[in-house]
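Enquirer: Curious how this folds, go ahead:
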Amino acid sequence: MKVFLDANVIISVLNKEYPLFPISSRVLSLADRREVQLYTSPICLAIAFYFSEKKSGAEIAKLKIEMLSKKISMTTVDQAVSNQALSNRQVQDFEDGLEYYSALGSDCELIVTEDSDGFYYSQIPMMGCEKFLEEYIF
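Expert: Numbers count the residues shown, from 1 in each chain. Below you'll find the model as predicted:
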């Protein structure tokens, strides 16, 4: 199963943000399972780096992103993805649109996010970390 992780999930792990951290870290630990392929976009990594840098400093934030990049596959954000996000009138948040269309472009079957309102137009399922673990893992 190909699962796209939104920036808010990654940020919660990198910054150990409670109460989500114990659940979101379990989601990220699935990167070691063969039946689950975790994806994110370079934009999500940039957003996560920004928030991690604010909390831990640039050097530690970079190390965290490097470790994460070894475990998670990257989607592509290119002109086609940009055009899709811009042409869909339902997309209110351009960044969410980029994430959505990059996930679709990588054939992701699910989006894990703590901001499901941002993807209300999604044609693929989306859910929070806890629901994802309950429905697909446990």
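
Enquirer: Give me the mean pLDDT for stretch 69-79.
Expert: Per-residue pLDDT over stretch 69-79 has a mean of 96.

Enquirer: Number the residues from 460 up from this point.
Expert: With 460 as the first residue, the last one maps to stretch 528-538.

Enquirer: Now the terminal residues of it, how far apart.
Expert: 23 Å (Cα to Cα, to the nearest Å).

Enquirer: what does stretch 571-589 give?
Expert: With Cα to Cα applied, stretch 571-589 spans 9 Å between its terminal residues.

Enquirer: List the buried residues in that stretch.
Expert: 571, 572, 573, 577, 578, 581, 585, 586, 587, 588, 589 (16 or more other Cβ atoms under 10 Å). From N, CA and C alone the C-beta is placed, and that goes for glycine too.

Enquirer: hang on, the fourth one is in a helix, isn't it?
Expert: Yes - with DSSP: H, G, I helix; E, B strand; the rest coil as the criterion, residue 577 is assigned to a helix.

Enquirer: List the contacts of it.
Expert: By Cβ atoms under 8 Å, 6 or more residues apart in numbering, residue 577 lies in contact with 465, 552, 555.

Enquirer: Same question for the fifth one.
Expert: Applying Cβ under 8 Å, 6+ apart to residue 578 gives the contacts 555, 558, 559, 570, 572, 585.

Enquirer: now do 7 Å
Expert: 555, 559, 570, 572, 585 (Cβ atoms under 7 Å, 6 or more residues apart in numbering).

Enquirer: do the same with the second one
Expert: Shown here is residue 572, whose contacts under the criterion Cβ under 7 Å, 6+ apart are 465, 467, 468, 578, 585.

Enquirer: do the same with the third one
Expert: Each residue near residue 573 by Cβ under 7 Å, 6+ apart is listed here: 467, 468, 479, 587, 588.

Enquirer: Is it located within a strand, as I assumed?
Expert: No - assigned with three-state DSSP, residue 573 falls outside any strand and is coil.

Enquirer: could you pull out the strands for this protein?
Expert: For the chain, the strands defined by DSSP state E occupy 461-464, 496-499, 532-533, 569-571, 585-586.
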